[in-house]
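*Asks:* I would like the atomic coordinates for the input below:
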Amino acid sequence: MSIWVLVAFVVGLILGLLIGWFYWRNRIAERDNQIHRLQTLVQSKETNLLDLKARLQEGESGLGRLRAQLSQSEQTIRGLTAQVEERGKTISQLESELGERDARIKDLERGVEEAKAVASLPTQEGRAGTPLPDLAPVMPSRPDDLKRIEGIGPKIASLLGAAGITTFAQLANTDVGRLQQILRNAHLEMADPTSWPEQAGLAAAGDWAGLQVLQNELKGGRRV
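*Replies:* Below is the predicted model:
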C-alpha cells in the first residue's frame, strides 16, 4: 500500500511540475510579448522625436531666412525713406527757387510798366517850355538769398517773397509785427522773426562778419 502511495505522490509531483512549467512558460511568453511591444513603442516614439527635431531644424532655418528677408526689407525701406527725404529737400529748394523767380518776374513786370509809362512821356520839353528831366526806367532790385538769415528756410523765404519782401534791405525795414502776422497766416507761429530785421540790416550793409557773430548767439532765430 505504501508503494502505491509513493507512486501517486511522485506522479502528482511530476504533474505539478509540468503544470507549473506550462504556466510560467506562458507567463514568460506574455512578458516577452509585452517587452517587445514596449520596445516597438519606444522605437516609434524615438522616430517621432527625430521627425520633430528635423521639423524644428527646418522651422529654425525658415525663421532665419525670414529674418534675413526682414532685414533686407528694412534696409530697402531706409533707402526709400532717405530718397523721399532727399526728394522733399529738392522739392523745397525748387519751390524756393520758383518763389524767387515769381518775385523776379513781378519786379520785371513792374519795371516794364514803369518803362512804358516813362516812354509815353515827352522826351524834350513840356507844354510850358520847361525842359523835363531825363527819366530812366527804374529797374527792379535783385532779390537776395533770405535763407542766409538764421531762422529762415526755403518755405519762409517763399512766403516773404510772396509778401513782397525779397531783399535784405526790405526785411531790415519790415516791422516785426508784420512778420509775425505773415507767419500766423501760414500757420508757422513757431518761427520767431524777432532777430530777422537786425540780421537783415547787417547783411544789407555787407557786414557778414558782424552777421556771423550775431548768428552764433542765435538758435532758430532766437537768442540763446
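
*Asks:* contacts, neighbours, all on C-alpha from now
*Replies:* Will do.

*Asks:* Which strands and helices lie in contact with the top helix by length along the chain?
*Replies:* Using DSSP state H to define each element, the chain has its longest helix at helix 2-119. Applying 3 or more C-alpha pairs under 8 Å, 6 or more residues apart in numbering; DSSP states H and E, we find helix 2-119 packed against helix 154-162.

*Asks:* contacting residues around the helix or strand following the helix it packs on?
*Replies:* Downstream of helix 154-162, the next assigned helix or strand under DSSP states H and E is helix 168-172. Outside helix 168-172, the residues that touch it by C-alpha atoms under 8 Å, 6 or more residues apart in numbering are Asp144, Leu146, Ile165, Trp196, Pro197, Glu198, Gln199, Ala200, Gly201, Ala203, Ala204.

*Asks:* go with 6 Å
*Replies:* Pro197, Ala200, Gly201, Ala204 (C-alpha atoms under 6 Å, 6 or more residues apart in numbering).

*Asks:* How about stretch 205-224?
*Replies:* With C-alpha under 6 Å, 6+ apart as the test, stretch 205-224 has contacts from Glu150, Gly151, Leu202.

*Asks:* so is the first one in a helix, a strand, or just coil?
*Replies:* In other words, Glu150. At Glu150 the chain is in coil, as set by DSSP: H, G, I helix; E, B strand; the rest coil.

*Asks:* ok, now how distant is the residue nearest to it when sequence neighbours are not counted from Gln215?
*Replies:* Excluding its sequence neighbours, the residue lying closest to Glu150 (C-alpha to C-alpha, 6 or more residues apart in numbering) is Gly221, at 5.1 Å. Gly221 is 8 Å from Gln215, where distance means C-alpha to C-alpha, to the nearest Å.

*Asks:* measure the residue nearest the centre of the chain to Pro154 for me?
*Replies:* The centre of the chain sits closest to Thr81, judged by C-alpha atoms, centre = their mean, with a distance of 5.1 Å. To Pro154, Thr81 is 21 Å away according to C-alpha to C-alpha.

*Asks:* Please apply the same query to Val5.
*Replies:* For Val5, the distance to Pro154 equals 131 Å [C-alpha to C-alpha].

*Asks:* Which one (most neighbours) among the contacts of helix 168-172?
*Replies:* Among the contacts of helix 168-172, Ala200 has the most neighbours (other C-alpha atoms under 10 Å), with 25 neighbours.

*Asks:* The helix or strand harbouring that one packs against which elements?
*Replies:* For Ala200, the element it lies in under DSSP H and E is helix 196-204. On a contact count with 3 or more C-alpha pairs under 6 Å, 6 or more residues apart in numbering; DSSP states H and E, helix 196-204 meets helix 168-172.

*Asks:* Restrict the helix it packs on to CA atoms and write it as PDB.
*Replies:* Taking C-alpha atoms only, helix 168-172 is exported to PDB below (Å, rounded to 0.1, in the frame of the first residue of the first chain):
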ATOM      1  CA  PHE A 168      17.800 142.200 -47.100                       C
ATOM      2  CA  ALA A 169      17.000 146.000 -47.000                       C
ATOM      3  CA  GLN A 170      13.300 145.300 -47.300                       C
ATOM      4  CA  LEU A 171      13.500 142.800 -44.500                       C
ATOM      5  CA  ALA A 172      15.500 145.100 -42.300                       C
END
